[in-house]
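A.B. asks: the following block contains a protein sequence and its predicted model.
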Amino acid sequence: MKQILELITDKVTEAFETCGYDKKYGWVSISNRPDLCEFQCNGALAAAKEYKKAPIAIAGEVAERLQTLDMFEKCESCAPGFINMNLSKEYLASYVSSMSADTKRMGVDKVAEPKKVMIDYGGPNVAKPLHVGHLRSAVIGESIKRTLRFAGHDVIGDVHLGDWGLQMGLIITELKLRKPELVYFDDTFQGEYPKEAPFTISELEEIYPCASAKSKEDEAYKAEAMDATFKLQHGNRGYQALLGHILTVSVNDLKRNYEKLDVTFDLWKGESDAQPYIPDMVQKMKDDGFAYISDGALVVDVKLDTDTKEVPPCMILKSDGASLYNTTDLATMVWRMKDYNPDTMIYVVDKRQELYFTQVFRCAKKTGIVPEETNLHFIGFGTMNGKDGKPFKTRQGGVMRLEYLLSEVEEKMLSKIQENGTMEGEEAAKTASTVALSAIKYGDLSNQASKDYIFDIDRFTSSEGNTGPYILYTIVRMKSILSKAGFDKNSGASVLAAHSDSEKALMLELTKFSAAVNSAATEMAPHKICAYIYDLANAFNRFYHDTKILAEEDAAVKNSYLSLLALTDNVLETAINLLGFEAPERM
RNA sequence: GUAGGCGUGGCGUAGUUGGAUAACGCAUCGGACUCCGACUCCGAAGAUCGCCGGUUCGAAUCCGGUCGCCUACACCA
């Protein structure tokens, strides 16, 4: 279905042409003066230069021609040369009705050329609990994934686990100290290792920080951990079996936590999956003459003449010959290209890693790991700060676990529900977590991803203002009316011409859905969806305020109202789904 | 030091391919409704868009300079 702006632009373009002007002047935008009109065209102002004619004269000619169309209710020129347009109520109603008939997509077309997109987000570390630092990547990545998918692309999400390196050696070392009797530490053992892991997730979460702290004080301990890491990476059977257990236990726990956030991944690959590709990759870089030794380390130059800043070479191997983060990330691209051959790879990462990723991206292109036409896209997000404007910390000053943050917000929502006394028990708890998630995600996503933002729990959980709970409340209210009326939400029934200004305004807002989704998808900017949702919710509330829906006596009018409500509900629920949360039935 | 980002009413944020009176929320003040579920609606007050200059008929937006804050600058990920 064509977007409303395209349809109008088509007509205005045509009018410019028939009046003898270039069609490029016919572009139309949504009015920035809603008090004057709904849509505007500024083309006459620009055309005035080329045709050496007063802009108002050009605008007048074009407007006169447009007036003859029944698409418009009003179409007039306005000093110094604007063309102001209002759609006719009938035309608008018919457009909205066709949106309504399309109950799955509400008039949003899929992209003409779907791309295969891999999106790398999450980035949790094995054996370590998720903390608030992981929140933004998960929330933003999930939303972009869903939005691109809705737009029609083929999207694969990969969690990209941190499951390689010294941390594994540390865990093994500490485990050996505590339970030396385990068969994993018996080098002579030839049999099959137990299927059951020799630890639980809570033990694991305790072991890692303990080992990490010890290694900082105890040189010998650290040496042992490094040795364990080396053995693990060079085929020690027992250690590899342990790694398998660590992965299983940890990934199960991570899945549980991501599930609470309503975040899912198609792939649970990690750094360890990239290791087999490293030797050949490095060898090829050497053979092709890209990699050379600098200060003992193997590097690839990625500087460009156009750089205004110093871009250091991309390091491939450390001077001791060991691989590092870069190596793993590049090798990850190797298997991603080999197994999936995506058109685009997106990385949703802290913006402080931008320079690092330009190095890696350039290196990947230069060495041919990734072909020139593949799009590598870095989405850097800012820091989540506390009310003091500094990075978010617990009261004790530590890093807060994501689970605790989540339950704190849930408790807050639960107490609100209890105050209202509308529900209790399991339903109350479930609703509280649904609303809590909306508060957290909407609070995050309504800001531009690249900017820092302040996590203000009181503001985010409020049911007033531009918040998740406000949006949900608006939706719940609509659902309630629809169910009271016994209206089938998915009937796709048509809508009559607007009876009031607020109803027309609501319809106009609905027509902008397609454009909003499109720009959010192409710009990978979830905050655009938030802005749209909020505008739509407001438009609905204005309509709701001055229209008695259930009490409407004319059955046809009432039915039209309900259709409009169903469509609004449908659009809002689809939109919040793109943000990664959903609405409860009641709240 | 070099490079990048940011600076918009008291607070939190939109708006940056240049376009009409700089938008929204919170907070403040005044009304309406209290009916279809924590509400909602209408209105008022409040910003020389960090500062200076330039380009333009027109600048929050582009250019130059300047101040402030944040960040990154190879053997950590």
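C.D. replies: It's in.

A.B. asks: check contacts around residue A:265.
C.D. replies: Contacts were defined as Cβ atoms under 8 Å, 6 or more residues apart in numbering; by that measure residue A:265 touches A:122, A:157, A:158, A:159, A:258. Yep, even glycine has a C-beta here, placed from its N, CA and C like the rest.

A.B. asks: kindly recompute the last result at 6 Å.
C.D. replies: For residue A:265, the contacting residues are A:157, A:159, by Cβ atoms under 6 Å, 6 or more residues apart in numbering.

A.B. asks: pLDDT score for it?
C.D. replies: What the model reports for residue A:265 is a pLDDT of 97.

A.B. asks: ditto for residue A:49
C.D. replies: Taken from the predicted model, the pLDDT recorded for residue A:49 is 73.

A.B. asks: name the element it belongs to?
C.D. replies: helix A:43-51 (DSSP states H and E).

A.B. asks: one more: residue A:180?
C.D. replies: Short version, using DSSP H and E: residue A:180 is in no helix or strand.

A.B. asks: mind listing what's buried along the helix holding residue A:49?
C.D. replies: Buried residues in helix A:43-51, counting neighbours by 16 or more other Cβ atoms under 10 Å, are found at A:43, A:44, A:45, A:47, A:48.

A.B. asks: tally of neighbours for the nearest residue to the first one once chain neighbours are set aside?
C.D. replies: Nearest residue to residue A:43, sequence neighbours excluded (Cβ to Cβ, 6 or more residues apart in numbering): residue A:25, at 3.2 Å. When neighbours are defined as other Cβ atoms under 10 Å, residue A:25 has 23 of them.

A.B. asks: could you pull out the strands for chain A?
C.D. replies: When assigned using DSSP state E, the strands of chain A occupy the ranges A:28-30, A:39-41, A:72-78, A:82-87, A:116-120, A:154-158, A:291-294, A:297-300, A:314-317, A:344-350, A:375-381, A:384-385, A:453-454.

A.B. asks: who does the second one pair up with?
C.D. replies: Each strand that pairs with strand A:39-41, with its direction, by DSSP bridges: strand A:28-30 (antiparallel), strand A:82-87 (antiparallel).

A.B. asks: tell me which residue in the stretch 301-450 of chain A sits closest to RNA strand B.
C.D. replies: Scanning the stretch 301-450 of chain A for the residue nearest RNA strand B gives residue A:422, at 2.3 Å (criterion: Cβ to the nearest atom of the strand).

A.B. asks: what's the helix holding residue A:49 packed up against?
C.D. replies: Contacting helix A:43-51 under the criterion 3 or more Cβ pairs under 6 Å, 6 or more residues apart in numbering; DSSP states H and E are the following elements: helix A:55-67.

A.B. asks: mean confidence (pLDDT) on the helix it packs on, please.
C.D. replies: 89.

A.B. asks: name the residues that touch that helix?
C.D. replies: The set of residues that contact helix A:55-67 without belonging to it, under Cβ under 6 Å, 6+ apart, is A:15-16, A:19, A:44-45, A:47-48, A:75-77, A:79-81, A:83.

A.B. asks: just give the closest residue to residue A:4, not the sequence neighbours.
C.D. replies: If the residues on either side of it in the chain are set aside, residue A:4 comes closest to residue A:511, at 4.2 Å by Cβ to Cβ, 6+ apart.

A.B. asks: separation between the one you found and residue A:96?
C.D. replies: Here residue A:511 is placed at a distance of 7 Å from residue A:96 (Cβ to Cβ, to the nearest Å).

A.B. asks: so which of those two has more stuff around it?
C.D. replies: residue A:96 (28 against 20).
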